[in-house]
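Engineer: what follows is a protein structure lacking sequence information:
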């Protein structure tokens, strides 16, 4: 009986996440795929990189899938325009990343969720960054589409070194350009 209840619960959660993640990923009258397995984008892959994947995207060496929902697995290098769900990228460069993002180095233009990596970067951070080095706002590397001034996002950073233009920071050394005292140890905060 416990097994049946657990199965029903997991099925319900999977169905809910499927449609929640899928709304911005798939469009009417356009093809999409439940599965992408690739080694070289558009050469050794099940579907082209411009076909949205709502399910599992596994690009084992280098991935360039434009839109991914649910699970994105790019263990070496990955670039994605829009990704929602659970993301693992060795070295990742994304336009919009929403969900749980794990990797060695992860950088995105817009981020909302939890990001765990050795180095994290988000131009617009609305989530939690956990890493040795966390960068957001003007200190984050360019991933395309940045305005001249970073937006007023209020993320949270936990790490050895944190740098942002606004938000909460907990770490050994914190730089917050908008804070009353920009350089602080252990904690820093500003709200623009």
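Structural biologist: That came through fine. What you see is a predicted model, and the numbers here were worked out from it, not measured in a lab.
Engineer: residue ranges with poor pLDDT in the chain?
Structural biologist: 1, 7-24, 28, 142-153, 191-192 (pLDDT under 70).
Engineer: ok, then the element right after the helix or strand hosting residue 121?
Structural biologist: Using DSSP states H and E, residue 121 sits within strand 67-125. Per DSSP H and E, the first helix or strand lying C-terminal to strand 67-125 is strand 128-136.
Engineer: strands paired with whichever helix or strand comes after that next one, and their directions?
Structural biologist: Using DSSP H and E, the next helix or strand after strand 128-136 towards the C-terminus is strand 156-164. The strands beside strand 156-164 in its sheet (DSSP bridges) come out as strand 128-136 (parallel), strand 167-176 (parallel).
Engineer: residue 43: neighbouring residues, count only.
Structural biologist: 7 (other C-beta atoms under 10 Å). The C-beta positions use only the backbone N, C-alpha and C, and glycine is treated the same way.
Engineer: can I assume residue 59 is in contact with residue 42?
Structural biologist: No - between residue 59 and residue 42 there is no contact under C-beta atoms under 8 Å: 10.9 Å.
Engineer: what would the strands paired with strand 156-164 look like in a markdown table with mean neighbour count?
Structural biologist: Shown next, in a markdown table, are the strands paired with strand 156-164 (neighbours: other C-beta atoms under 10 Å):
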| stretch | mean neighbour count |
| --- | --- |
| strand 128-136 | 23 |
| strand 167-176 | 20 |
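Engineer: adding distance to residue 155, write those strands out as JSON lines.
Structural biologist: Shown next, in JSON lines, are those (distance: least, C-beta to C-beta, whole Å):
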{"stretch": "strand 128-136", "distance to residue 155": "6"}
{"stretch": "strand 167-176", "distance to residue 155": "5"}
